[in-house]
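1. model the following, please.
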Amino acid sequence: MTADRFGAVPSGEYTALAAVRDQAADYAALLEPAVPAVPAVPADPAPPIQPVAEQSAPVSPPGDRRWRPAIPPQHGAWAFLIVPVLCGFAVAGTSAAGWLLLAAWVCAYPVGYYLGRGLSARVRRGSWTRLARRERSRAVPWAVVTAGLGLPLALTRPWLVGVAALLTVLWGLGLWLAARRGERSLANDLMLVAQATVALPLTVAVVAGPSALVGDLAGQAIEATAVVAAYLAGSVLHVKSLLREAGNSTFHRANVAWHGTLAVVSGLASPWWLLAFVPALARAVLLRPGLRPGAIGGVEAVVAILVVAAAFLAV
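-> A predicted model of the protein is given here:
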């Protein structure tokens, strides 16, 4: 632009201007304090700006789709699942098929739990809401694991398909009761007791064959099934008397009467059952509402262990 307005600049003046610029730069360098040279370090690229909520939550790397199983928060249900199977081992012994049944039986519980919650939410809301889809999706991985464990049993024991159909009917009935009367109703809990009790004769049939239920092991299987069913029903009654029915004296009296009768009747069948049901009666008499659920659950876990130990000694 300078050349356009004032004419061309002679070449000698370019040299003079460059010399003046270099002298000024040298003079400024002399005035600055000497600073040791520092090797240049490439700067890290600035992280992308994220909202505060996203920065506080861990972000999974792309492609990370590992399954993190959802565990039902019903801690007492695990004793309902395991005790009947172990008492079935007391009757018929153990085998690889028996342990496979135990694994499949335990994994099947989250399937029914989360699928039931999903269907209940679907019925109540009238559509597959986000909650209903979430609960349904939590059941899918457990269903895959259960199918993988149960397939070898079904192939070698086709009669298990009929048992699975019966359990599905009981599960559906329990779901219907939960929808009509609430998930914590006594009727719904007793339906869970019925489903859990099926595991004892089922275990005997898997380990020793279905004929054992009408043959040599019939008496022991009937005794163990009746006692375990009464124990599970008593556990439901006891826990309800301490929590949901804490102010109901009728529940407390029914709880004590139930366990007193259970101790007498089971003791007549075999004195070894008293190892479990005398402590069970004592906890029904002595425990009062106001205890933390964790303490109540700890006592129930001890009683469950005593029931299994008594089964191995009594039958």
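2. any stretches of the protein with poor pLDDT?
-> For the chain, residues meeting the criterion pLDDT under 70 lie at 1-68, 180-185.
3. nearest the geometric middle of it, what residue?
-> Taking Cα atoms, centre = their mean, the centroid of the chain lies closest to residue 71, which sits 1.2 Å from it.
4. three-state assignment of that residue?
-> Remark: residue 71 carries the secondary structure label coil [criterion: DSSP: H, G, I helix; E, B strand; the rest coil].
5. that one contacts residue 109, correct?
-> No. Proximity of residue 71 to residue 109 does not meet the contact threshold set by Cβ atoms under 8 Å, at 10.1 Å. Quick note: C-beta positions are derived from backbone N, CA and C, even for glycine.
6. and residue 291, what does it touch?
-> For residue 291, the set of contacting residues under the criterion of Cβ atoms under 8 Å, 6 or more residues apart in numbering consists of residue 242.
7. where's it relative to residue 239, distance?
-> 11 Å (Cβ to Cβ, to the nearest Å).
8. one more: residue 294?
-> Distance of residue 294 to residue 239, given as Cβ to Cβ: 12 Å.
9. one more: residue 158?
-> Using Cβ to Cβ, we find residue 158 at a distance of 38 Å from residue 239.
10. tell me which of these two has more neighbours.
-> residue 239 (20 against 9; other Cβ atoms under 10 Å).
11. got the contact list for that one?
-> Applying Cβ under 8 Å, 6+ apart, we find residue 239 in contact with 76, 296, 300.
12. what helix or strand is the first one on?
-> Right, the one you point to is residue 76. With elements delineated by DSSP states H and E, residue 76 resides in helix 75-92, which encompasses its position.
13. ok and the helix or strand just after that helix relative to helix 75-92, angle-wise?
-> Past helix 75-92, further along toward the C-terminus, the next helix or strand under DSSP H and E is helix 96-125. Using axes from the mean of the first three to the mean of the last three Cα atoms, to 10 degrees, the interaxial angle of helix 96-125 with respect to helix 75-92 works out to 150 degrees.
14. and helix 96-125, what does it pack onto?
-> Helix 96-125 sits against helix 75-92, helix 130-156, helix 160-181, helix 199-208, with contacts defined as 3 or more Cβ pairs under 8 Å, 6 or more residues apart in numbering; DSSP states H and E.
15. gap between the second one and the chain center?
-> On the basis of Cα atoms, centre = their mean, to the nearest Å, helix 130-156 sits 13 Å off its chain's mean C-alpha point.
16. and it, which residues are buried?
-> In terms of neighbour count (16 or more other Cβ atoms under 10 Å), helix 130-156 has its buried residues at 132, 135-136, 138-139, 141-143, 145-146, 149-150, 153.
17. residue contacts, the residue nearest to the centre of the chain?
-> Residues residue 110 are the ones in contact with residue 71 under the rule Cβ under 8 Å, 6+ apart.
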